[in-house]
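Novice: my questions concern the predicted model and sequence given below.
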Amino acid sequence: MVMSDQTHTLPPYSPDVPPAADPGARSADPWRAQDPWRAPEPNGLPPAPPAPPAGPQAGDRRPRRGVALLSAVALAAGLVGGGAGAALTATLDDNGTAATTPASSTSLQGTNTRTSTPAADGSVEAVAAAVLPSVVSIEVTTAQGGDEGTGIVLSSDGLILTNNHVVADAASGAGSISVTLNDGSTASASIVGRDPVTDLAVIKAKGVSGLTKAALGSSADLAPGEQVVAIGSPLGLQGTVTSGIISALNRPVRTGSATGTENASTVIDAIQTDAAINPGNSGGPLVNLQGEVVGINSAIASLGASAGSQSGSIGLGFSIPIDQARTIATELINTGSATHAQLGVSVQDASTSGSSTFSDGAAVGAVTAGGAAEKAGLAAGDVITKVGNRSVDSADALIAAIRSHLPGDSVTLTYTHNGTKTTTKVTLGSDAASS
């Protein structure tokens, strides 16, 4: 199994992530009407069966009931970034043309049994109605192709939060960004700030006003099993709503190239969900049943080349917690860049460090002079196994745990030094000092 974000193929997926539960069954089809072929007579008795036709007549075409074919097709081979777009084909006949009803036949109308009762608070329907106006579709166009994704409205005058990988191709004037609002109108947009480390970016739609701002919640109190809703533009299908649960929290997910340094690639401290997320959902909201954004959808796990063409959702989606995203977005809006907590070490998995003693943990390879770790007494060869009460079983788990904090935060590290388990308080530094 390999991991892939909405743009790139990722390194092999860690086997410690269990498969998520299947999404719940969908509700009954709201389009299903009473069968017009069984309408009762006024006396309550069913009608007599009609006489069989004498035989097919020239030019007659029997209408097909409820037949539709939906086909999602990539616009170009290799273009899956942020959502490759989709071709949507509806066909009601075998030859690809819509079936027609002879002019002499009777038009049969379905019976509308649906009432206008408002959706119940806390239902997926109510959440979708509340959140959709604050979700936009993003398209990036470059000389080499482009990318697609989703964003959430942060201000009425057009500030929009999305993933960095959605808009990265438009950086430095290399491409153009277009935003499609919920009402179908479009606007050009420019980049306010990008942060590759957390895979977040803020853009600004031009010439807009009165937009509906998203309600930002908190990711601090989320729990596995909690119901959530994902909204976005998978494969270019704007306004798509899916639902599921939170499958796990604090998943370290690497969406950049693997390296041995602490801040050299994107490692998110992710919310795992089984709500269907596909290419194009990138940058869109993961929402609780109060209609509050709790995460920014950023990556999915896929079965990879070994599974043929099965590259869509398999119930393993990952979102950036909104508490982290809010902090980064504020910095990007105010300064155009972002800072991150730093321990001041290079690390690797303890299981691959050459030590036969440890199967889990992050092994310290080097310590930055004057950094937070050196000040706390850590040295090369130490193996870190906890940050606070949170277990650390790999290098990525340590990176994700540290990045979930702010520069200046004080944390307790549990580590082993020369075979002795110990704890120490560390005041985290900032990568701003080294930039």
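Specialist: Sure, I can see it.

Novice: quick one, longest helix in the chain?
Specialist: As assigned by DSSP state H, the longest helix anywhere in the chain is helix 322-335.

Novice: buried residues in that one?
Specialist: For helix 322-335, a neighbour-count test (16 or more other C-beta atoms under 10 Å) marks Ile322, Asp323, Gln324, Ala325, Arg326, Thr327, Ile328, Ala329, Glu331, Leu332, Ile333 as buried. All C-beta spots, glycine's among them, are computed from the backbone N, C-alpha and C.

Novice: show me what secondary structure element comes after it.
Specialist: strand 341-342 (DSSP states H and E).

Novice: what does that next one rub up against?
Specialist: For strand 341-342, contacts defined as C-beta atoms under 8 Å, 6 or more residues apart in numbering pick out 262-263, 371-372, 402-403, 405-409, 428-431, 434.

Novice: what packs against the helix or strand where Val127 lies?
Specialist: Element membership for Val127, per DSSP H and E: helix 124-131. On a contact count with 3 or more C-beta pairs under 8 Å, 6 or more residues apart in numbering; DSSP states H and E, helix 124-131 meets strand 227-232, strand 240-254, strand 285-287.

Novice: could you give the angle of that helix to strand 227-232?
Specialist: 50 degrees (axes from the mean of the first three to the mean of the last three C-alpha atoms, to 10 degrees).

Novice: who's in contact with the spatially closest residue to Ala432 that is not a sequence neighbour?
Specialist: Spatial nearest neighbour of Ala432, excluding adjacent residues (C-beta to C-beta, 6 or more residues apart in numbering): Thr339 at 4.3 Å. Thr339 makes contacts with Glu331, Pro407, Ser430, Asp431, Ala432, as judged by C-beta under 8 Å, 6+ apart.

Novice: among the residues you listed, which lie within helices?
Specialist: Short answer: the contacts of Thr339 in helices (DSSP H) are Glu331.

Novice: where does the stretch 101-250 of the chain have low pLDDT?
Specialist: Along the stretch 101-250 of the chain, segments meeting pLDDT under 70 span 101-117.

Novice: tell me where it has helices.
Specialist: Using DSSP state H, counting those that start in this stretch, the helices of the stretch 101-250 of the chain run over 124-131, 164-167.

Novice: between these, which one is closest to Glu292.
Specialist: helix 124-131 (8.8 Å; C-beta to C-beta).

Novice: what does the closest one contact?
Specialist: Under C-beta under 8 Å, 6+ apart, the answer for helix 124-131 is 118-120, 214-215, 229, 231, 241, 243, 285, 287, 289-291, 293.

Novice: can you map out the strands along the stretch 301-435 of the chain?
Specialist: Assigned strands in the stretch 301-435 of the chain, in chain order: 317-321, 341-342, 345-349, 362-367, 383-387, 390-391, 410-417, 420-427, 429-430 (criterion: DSSP state E, counting those that start in this stretch).

Novice: could you dump those strands into CSV with mean neighbour count added?
Specialist: CSV is the format used below for those (neighbours: other C-beta atoms under 10 Å):
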stretch, mean neighbour count
strand 317-321, 27
strand 341-342, 23
strand 345-349, 21
strand 362-367, 22
strand 383-387, 22
strand 390-391, 14
strand 410-417, 18
strand 420-427, 12
strand 429-430, 18
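
Novice: now these as TSV including distance to Leu303 and mean pLDDT?
Specialist: Below are the strands of the stretch 301-435 of the chain laid out as TSV (distance: least, C-beta to C-beta, whole Å; pLDDT from 0 to 100):
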stretch	distance to Leu303	mean pLDDT
strand 317-321	14	96
strand 341-342	34	92
strand 345-349	24	91
strand 362-367	29	92
strand 383-387	32	94
strand 390-391	28	92
strand 410-417	36	94
strand 420-427	39	94
strand 429-430	39	92
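
Novice: quick one: closest of these to Val197.
Specialist: Per C-beta to C-beta, nearest to Val197 of the strands of the stretch 301-435 of the chain: strand 341-342, 10.4 Å.

Novice: ok so, going back, from the helices of the stretch 101-250 of the chain, which stretch is densest packed?
Specialist: Among the helices of the stretch 101-250 of the chain, helix 164-167 has the highest mean neighbour count (mean count of other C-beta atoms under 10 Å), at a mean of 28.

Novice: okay, and for the stretch 251-400 of the chain, where does confidence drop off?
Specialist: By pLDDT under 70, the low-scoring segments of the stretch 251-400 of the chain are 256-265, 304-311, 353-358.

Novice: give me that answer again for 90
Specialist: Low-confidence segments of the stretch 251-400 of the chain (pLDDT under 90): 254-268, 301-315, 350-360.

Novice: for the helices and strands packed on helix 124-131, which one sits closest to Gly315?
Specialist: With C-beta to C-beta, the closest approach to Gly315 among the helices and strands packed on helix 124-131 belongs to strand 240-254: 7.6 Å.

Novice: partner strands of that closest one and their direction?
Specialist: strand 227-232 (antiparallel), strand 267-273 (antiparallel) (DSSP bridges).

Novice: flag every buried residue along it.
Specialist: 240-248, 251-254.

Novice: want to throw those into CSV with distance to Asn297?
Specialist: Formatted as CSV, the buried residues of strand 240-254 follow (distance: C-beta to C-beta, whole Å):
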residue, distance to Asn297
Thr240, 11
Val241, 13
Thr242, 10
Ser243, 13
Gly244, 12
Ile245, 15
Ile246, 13
Ser247, 14
Ala248, 15
Arg251, 13
Pro252, 17
Val253, 12
Arg254, 17
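
Novice: so what pairs up with Lys204 in the strands?
Specialist: Leu159, Ser190.

Novice: and it, what does it touch?
Specialist: Taking C-beta under 8 Å, 6+ apart, we find Lys204 in contact with Gly158, Leu159, Ile160, Ala189, Ser190, Val192.

Novice: how about Thr273?
Specialist: Ala20, Val228, Ala230, Gly244, Ile245, Ile246, Ser247, Leu286, Gly295, Gly317, Phe318, Ser319.

Novice: could you check how far the nearest residue to it once chain neighbours are set aside is from Gly149?
Specialist: Sequence neighbours aside, Gly317 is the residue nearest to Thr273 in space, at 4.9 Å (criterion: C-beta to C-beta, 6+ apart). Note on Gly317: its distance to Gly149, by C-beta to C-beta, to the nearest Å, is 14 Å.

Novice: measure the nearest residue to Thr427 once chain neighbours are set aside to Ala220 for me?
Specialist: Nearest residue to Thr427, sequence neighbours excluded (C-beta to C-beta, 6+ apart): Ser410, at 5.2 Å. Relative to Ala220, Ser410 is positioned 18 Å away (C-beta to C-beta).

Novice: no further questions, thank you.
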